[in-house]
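**Q** Okay, structure incoming, though there's no sequence with it:
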Ligand code: BES
Ligand code: ZN
Ligand code: ZN
């Protein structure tokens with residue numbers, strides 16, 4: 001999709017469809033809705049005034065109203081998109097609004113759309129502080145780009161109903177605000193593109209996206225983006241002593257892939273990175289298909305386990321954005337990719353493995369394979385120099401039981417890192433909910449014959465047991481674990497996103513990296 005940013009009165013833009021946002025400015029629970037358009041264009045407001053006066057459109061979040069041939073507006077259609085109550089307006093509501101506008105055009109064959117940048121909020125200054133222009137333009141681009149994609153690649157009867165062109169039109173005349181809008185727009189295009197890149201990987205079936213293929217795609221992305229990338233296989237796992245990762249991989253006829261991507265910041269001449277500058281390690285679970293192994297999963301729903309590499313995809317997507325956004329910190333990403341299969345060479349319950357760190361692990365269940373590959377991935381990232389770690393993984397069904405599909409799980413051993421992640425979340429609009437992984441849970445993963453075991457001692461707190469296991473391999477390094485099992489796949493189509501891979505965590509990880517990076 002081509003994108004453009006224009007600074008002019010939206011009414012003067014000739015386009016098949018112009019979308020404008022609307023909020024309900026009424027105050028009090030029982031008051032009738034009072035709709036206001038977020039535009040400074042009188043022509044646009046006037047064109048919609050008559051319909052809005054009927055009270056039929058109430059500007060609830062996601063509500064849409066389409067006007068054809070609006071008076072004194074050059075657009076062929078005017079789409080009004082509701083964002084809900086003005087007093088609770090957030091950047092996330094605007095992101096979803098832009099996404100709704102982009103998806104509205106698709107089934108109607110509207111291939112070019114324009115979105116009016118929200119202006120004239122009639123909100124108090126304090127509220128406006130939470131709606132900075134740069135974040136708004138960024139959210140609009142992210143929302144629209146992510147919304148535009150449908151996962152019909154494998155349908156032979158698919159109708160190509162993509163939106164070819166998206167224009168963001170802002171009237172803003174203040175130079176500094178224009179700059180903010182421009183920067184946000186640029187970032188939104190990068191981050192939205194990275195999220196879609198991750199989603200496309202997750203969408204691929206297990207027979208296409210094997211560990212080797214994931215390595216190839218990561219390498220191709222890195223070559224294009226200017227990142228260093230090495231893809232290793234079994235030999236390297238054995239050489240490094242990755243006994244946990246290798247155990248998972250050896251049940252499959254397909255070789256594993258250990259993908260290492262590196263971003264080096266380019267500094268101005270004569271400048272060097274401070275000695276205490278962080279080196280950020282991104283570690284992803286890349287199980288291209290999880291059958292459960294010898295502890296095999298039930299057939300019902302097993303097809304979904306092709307998305308067990310969503311954590312890996314998030315990291316690969318994040319690296320793509322990082323290469324383009326160029327933060328001033330080194331970033332290393334380690335992706336551990338394998339297929340978890342039952343076979344004559346598969347690892348078994350009862351096996352004792354020695355991880356790269358030297359810790360011994362009793363295998364209680366071969367379906368708890370994600371933590372095994374990550375154990376070695378986290379340790380390796382540290383060995384490569386990471387001073388800050390984050391991992392993303394579709395790790396446990398228990399996390400989905402705990403948080404449903406509205407929040408992913410967040411675990412950490414470090415308050416400052418967590419605070420940086422909270423800032424990142426506010427910018428990304430993604431929802432993670434912190435769960436504990438304090439040392440009093442350590443007994444959950446105590447083994448009777450090895451240092452630790454790969455499941456909890458009972459059913460309770462399964463997501464925490466997973467996190468406690470990973471914590472064993474990060475040591476003192478500040479670390480965040482994101483359990484995205486419930487969020488990696490959108491089960492129900494929404495007005496703002498297609499059913500299928502969500503690309504969750506890409507945006508927050510990118511923001512977290514930027515938050516931790518030294519500022520110019
Ligand atoms: N890949 C699964 C977790 C998962 C579940 C991802 C649902 C996406 C949706 C993981 O490898 C797994 O099977 N975990 C087990 C752990 C258990 C054996 C301790 C689980 O959650 O049941
Ligand atoms: Zn599993
Ligand atoms: Zn898994």
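**A** Right, received. Where do you want to start? Just so we're clear, the structure is a prediction, and the values are computed from it rather than from any experiment. Ligands and ions are numbered 1, 2, ... in the order given.
**Q** count of neighbours near the residue nearest to residue 250 when sequence neighbours are not counted?
**A** Nearest residue to residue 250, sequence neighbours excluded (C-beta to C-beta, 6 or more residues apart in numbering): residue 345, at 5.3 Å. No exception for glycine: its C-beta is placed from N, CA and C like everyone else's. Using other C-beta atoms under 10 Å, residue 345 has 11 neighbouring residues.
**Q** Quick check: pLDDT value at residue 345.
**A** For residue 345, the pLDDT comes out at 98.
**Q** Thought residue 247 was touching it, still the case?
**A** No. Assessed by C-beta atoms under 8 Å, residue 345 is found out of contact with residue 247, at 10.4 Å.
**Q** ok so, going back, is the residue nearest to residue 250 in a helix, a strand, or coil?
**A** Look at residue 345: counting by DSSP: H, G, I helix; E, B strand; the rest coil, its state is coil.
**Q** now do residue 337
**A** Applying three-state DSSP: residue 337 is strand.
**Q** and what of residue 495?
**A** Criterion first, three-state DSSP; result for residue 495: coil.
**Q** Counting neighbours, what do you get for it?
**A** Residue 495 - counted by other C-beta under 10 Å - has 17 other residues nearby.
**Q** May I have the phi/psi pair for it?
**A** Per-residue torsions, residue 495: phi -70, psi -20 (degrees, to the nearest 10).
**Q** Spit out the contact partners of it.
**A** Contacts for residue 495 (C-beta atoms under 8 Å, 6 or more residues apart in numbering) come out as 62, 64, 96, 99, 100, 103, 104.
**Q** mind checking how far it is from residue 161?
**A** To residue 161, residue 495 is 16 Å away according to C-beta to C-beta, to the nearest Å.
**Q** Same question for residue 280.
**A** 39 Å.
**Q** do the same with residue 122
**A** Taken as C-beta to C-beta, the span from residue 122 to residue 161 is 36 Å.
**Q** Tell me which of the two has more neighbours.
**A** residue 161 (15 against 9).
**Q** I'd like the distance between the more buried one and residue 269.
**A** From residue 161 to residue 269 the distance is 49 Å (C-beta to C-beta).
**Q** Low-confidence regions, the stretch 151-300 of the chain specifically.
**A** 160 (pLDDT under 70).
**Q** Spell out which residues of it are next to ligand 1.
**A** Residues of the stretch 151-300 of the chain found near ligand 1 (C-beta under 6 Å from any ligand atom) are residue 290.
**Q** Could you check how many residues crowd around the residue in the stretch 151-300 of the chain that ligand 3 sits nearest to?
**A** For the stretch 151-300 of the chain and ligand 3, the shortest gap (C-beta to the ion) falls at residue 290, measuring 3.7 Å. Under the neighbour criterion other C-beta under 10 Å, residue 290 is assigned a count of 26.
**Q** That one touches residue 340, doesn't it?
**A** Yes. Residue 290 is within contact range of residue 340, at 4.6 Å (criterion: C-beta under 8 Å).
**Q** overlap in contacts of those two?
**A** Common neighbours of residue 290 and residue 340 (C-beta under 8 Å, 6+ apart) are 308, 367, 369.
**Q** Tell me who's in contact with the last one.
**A** In other words, residue 369. Per C-beta under 8 Å, 6+ apart, neighbours of residue 369: 248, 287, 290, 293, 338, 340.
**Q** Name the nearest of those residues relative to ligand 2.
**A** residue 290 (4.4 Å).
**Q** who's residue 22 bridged to?
**A** Residue 22 has these beta-bridge partners by DSSP bridges: residue 37, residue 82.
**Q** how about it, what does it touch?
**A** So residue 22 contacts 35, 36, 37, 38, 52, 57, 59, 80, 81, 82, 83 (C-beta under 8 Å, 6+ apart).
**Q** shouldn't the third one be in contact with residue 44?
**A** By that I understand residue 37. Yes. With contact defined as C-beta under 8 Å, residue 37 counts as touching residue 44 (6.5 Å).
**Q** shared neighbours, those two?
**A** Contacts common to residue 37 and residue 44, judged by C-beta under 8 Å, 6+ apart, are residue 20.
**Q** Spatially nearest residue to residue 448 (excluding sequence neighbours)?
**A** Nearest to residue 448 is residue 362, by C-beta to C-beta, 6+ apart, at 7.6 Å.
**Q** what does residue 240 give?
**A** residue 356 (5.7 Å).
**Q** do residue 421 as well
**A** residue 512 (5.2 Å).
**Q** if I've got this straight, the one you found is in a helix?
**A** Yes. Assessed by three-state DSSP, residue 512 belongs to a helix.
**Q** Can you get me a residue count around it?
**A** 27.
**Q** give me every residue that touches it.
**A** 390, 420, 421, 424, 480.
**Q** Scan those residues and report the most crowded one.
**A** Going by other C-beta under 10 Å, residue 390 tops those with 31 neighbours.
**Q** I'd like to know which elements the helix or strand containing that one is packed against.
**A** Using DSSP states H and E, residue 390 falls within strand 388-393. Of the remaining helices and strands, those touching strand 388-393 by 3 or more C-beta pairs under 8 Å, 6 or more residues apart in numbering; DSSP states H and E are strand 279-290, helix 310-325, helix 370-383, strand 479-483, helix 506-516.
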